Structures are given as C-alpha cells and as structure tokens.
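Participant: sequence below, structure please.
(one chain, ligands or ions: 1)
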Amino acid sequence: LVQLYQPLNFFGFIYREIKQALIDMERMFELMSVEREIADRPGAEPLAIAGATLEFRNVRFGYDPRREILKGVSFVVPAGHTVAVVGSSGAGKSTLSRLLFRFYDIDEGQILIDGQDIRDVTQKSLRAALGIVPQDTVLFNDTITYNIAYGHPGAGTAEIEQAARMAHIHDFILAMPDQYKTIVGERGLKLSGGEKQRVAIARTILKDPAILLFDEATSALDTNTEREIQANLREVSRGRTTLVIAHRLSTIIDADEIIVLEAGRIAERGRHHELIAAQGRYAEMWRKQQEAAEAGQPIEVPPPFF
Ligand code: ATP
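Facilitator: Below you'll find the predicted structure:
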C-alpha cells in the first residue's frame, strides 16, 4: 500500500503545482488586461500636422473612476502660441501632460491636435509630434554629443552643433578641454540644473516637435538658474505651440494665456497683467512668490510686466 501511496502522493503534488501555476497565469492575464497598454484604434491614421493647434475640450479624467482628477477642463493653445498652467500641488497639472502623451485615455471630452482626436491617430505619430523638456533631465554617462543626439541616431555633427547653438550651450561646450567629447552625467562632468536643461532643449530642437511641453521643476533654484530657464523657455517656444506646466510665475509672465487650475477645474484664466488686476488666486500666488523672493528665498520674481 505504501508503494502505491507514494507515487499517488507524488502525482497529487504535481497536480497541485500545475493547478497553482494555472491560477497564477490566470491572475497574470487578469492583471495584464487591467493594466494593458493603450492600443491604436483599428485603422488609426498618422497625425496630420497643420500648424499644431492643441485643444483640450471638456476633459474629464480620473486615474481611479471613483476619484475624478480633471473635472471638465477646456482650453486652446493656438498654433505657435504659449499657454501656461499653474495651480497648487495635486491640482492636476502634470496629469494634463500625461493625457496629451496618451499614457491614459480620458473619460469624457476630447484632446485634439489640428482637429484630430488623439485617440484616432497612431501613437507613434502622436509621440513624434510632441517634445518634452522634462522637470529634471537625466543625462547619460556619455559624451555631450551622445546626450544631445539621444533618440536621433542619424543626427550629424553639424545638426547637433546647430541645436546646441540654438540652445545656447555651444560656447560652453567649446570652452571645455574635450569639447563635444566631454563625458557628462553622474560619473562625468556635473552640469548645473540650467545647463542640463539646455542639453534637453538641444535634444528637443533636434527633434523639432510641432508641440512642446515644458515641465518646470518644482525644486527651488538659485536666481541665475531661474533666469536662465526663463530665457531657455523663451527661446525654445518661439513660434512653437507650447504648453508650460509652471511652478514659478516669473517664468510665464509673457505667456499668451495663463490657466489657474484648482482641484481639477479652471479657476481663472488670462494674461499675467489681467490676472494681477483681477486680484484673485493668481494675484495671491504672485504676491506670495514676491514675498518669498524678498525674504531671500531662491525664487526670483521680476517686476510685473504690463
Ligand atoms: P504638482 O504641482 O505637485 O506636480 P500636479 O498639479 O502636477 O501637482 P498631478 O501630478 O497632475 O498634480 O496629480 C493630480 C492628482 O492625481 C494627485 O492627487 C495625485 O495624487 C493623483 N495622481 C497622479 N498620478 C497618479 C497615478 N498614476 N495614479 C493615481 N493617482 C495619481
């Protein structure tokens, strides 16, 4: 009996193992279907850019259906213009950029580029049309050339240098002993926040996207870097449809429209001087940043621009 029991027990063990494996696979497929990547619609066409007007039309979205983050947001960035979004932490500013890249699909409304719903076009063409200067640029432990050309393997030396010139980092690079062969990154030459951003801008200029997303860093910066970033933004956004996610109001005083987002809704909108005159939330934020600057905190706030 013992001789018979042992093999049966063994088969029982195998059976339980296989059953558990099947359950695990089932769970894996369940998870995969919940967290699946956003797929292109069958027959999706490439995005056709004609000037690149960007529109958020009554956009509603929640990462979790029980908690709506954007509660009906509408705005237009006309071709070649700059719109800035400001608002307190958690208001939903960065969510706007994630939705534009279509990392998530919205629950209601539309996101349109030149009248085309981003859900109807191929994601490849959508992402090719978007350029982002991120909050914190991560540089690779490699040469400046590699870092600027990253993502554009076919870029030639002349193109790379032209992009660096436009990003105002060319002279800085030439002043170093190894010039474009200088190794940067954690184990190489450490660049300042503003310099790193210029490398990211050169990378973006090389990509030449129709729409630019400028995601400003939340971290405190010194006055010079602030000023540098403000100039950088002005350069790279010239003539390009630009959406700025801003934390420092000084960066965006000459935006064509400023949107104040509060808890997923647009609380105020207008140009800098209009919002100052309205004496609402924006004016209050401006006043606080000015006070912080006067108290010697590293927030550079230039005089109002009327
Ligand atoms: P900050 O100025 O601090 O960067 P923000 O305005 O950019 O804030 P978002 O990052 O858009 O805010 O986040 C809006 C809300 O969405 C926050 O309450 C946040 O907790 C929530 N949220 C953000 N990302 C996710 C996610 N991946 N899953 C679930 N909730 C998220």
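
Participant: give the rounded mean pLDDT of stretch 180-195.
Facilitator: Mean per-residue pLDDT for stretch 180-195: 82.

Participant: and the pLDDT at the closest residue to residue 241 other than its chain neighbours?
Facilitator: The shortest distance from residue 241 to any non-neighbouring residue, by C-beta to C-beta, 6 or more residues apart in numbering, is to residue 52 (4.3 Å). C-beta coordinates here come from the backbone N, C-alpha and C atoms, glycine included. pLDDT for residue 52: 96.

Participant: any weak-confidence spans in this structure?
Facilitator: Filtered on pLDDT under 70, the chain yields the residue ranges 1-36, 217-226, 229, 296-306.

Participant: near the ligand, which residues of it are found?
Facilitator: 63, 69, 87, 89, 90, 91, 92, 93, 94, 95, 218 (C-beta under 6 Å from any ligand atom).

Participant: check those and tell me the two furthest apart.
Facilitator: 63 and 218 (19.7 Å; C-beta to C-beta).

Participant: now the one helix or strand residue 274 maps to: buried residues?
Facilitator: Here residue 274, judged by DSSP states H and E, is contained in helix 272-278. For helix 272-278, a neighbour-count test (16 or more other C-beta atoms under 10 Å) marks 272, 275, 276 as buried.

Participant: likewise for stretch 87-104?
Facilitator: 87, 91, 92, 93, 95, 96, 97, 99, 100, 102.

Participant: got TSV for the residues you listed, with secondary structure and distance to residue 158 too?
Facilitator: Putting the buried residues of stretch 87-104 into TSV (DSSP: H, G, I helix; E, B strand; the rest coil; distance: C-beta to C-beta, whole Å) gives the following:
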residue	secondary structure	distance to residue 158
87	coil	42
91	coil	43
92	coil	42
93	helix	37
95	helix	39
96	helix	36
97	helix	32
99	helix	37
100	helix	32
102	coil	34
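
Participant: just give me the closest of those to residue 78.
Facilitator: Taking the buried residues of stretch 87-104 together and measuring to residue 78 by C-beta to C-beta, the closest member is residue 100, at 15.8 Å.

Participant: ok, the closest one - contacts?
Facilitator: Residue 100 makes contact with 54, 111, 118, 130, 211, 213, 243, according to C-beta atoms under 8 Å, 6 or more residues apart in numbering.

Participant: please flag which of the residues you listed sit within strands.
Facilitator: Among the contacts of residue 100, the residues falling in strands (DSSP state E) are 54, 111, 130, 211, 213, 243.

Participant: check contacts around the second one.
Facilitator: Taking C-beta under 8 Å, 6+ apart as the contact definition, residue 111 lies against 54, 55, 56, 57, 59, 99, 100, 102, 117, 118.

Participant: and the second one, what does it touch?
Facilitator: Residue 55 makes contact with 74, 75, 76, 77, 110, 111, 112, 113 under the criterion C-beta under 8 Å, 6+ apart.

Participant: for burial, what's the neighbour tally of the first one?
Facilitator: Meaning residue 74. By the criterion of other C-beta atoms under 10 Å, residue 74 has 14 neighbours.
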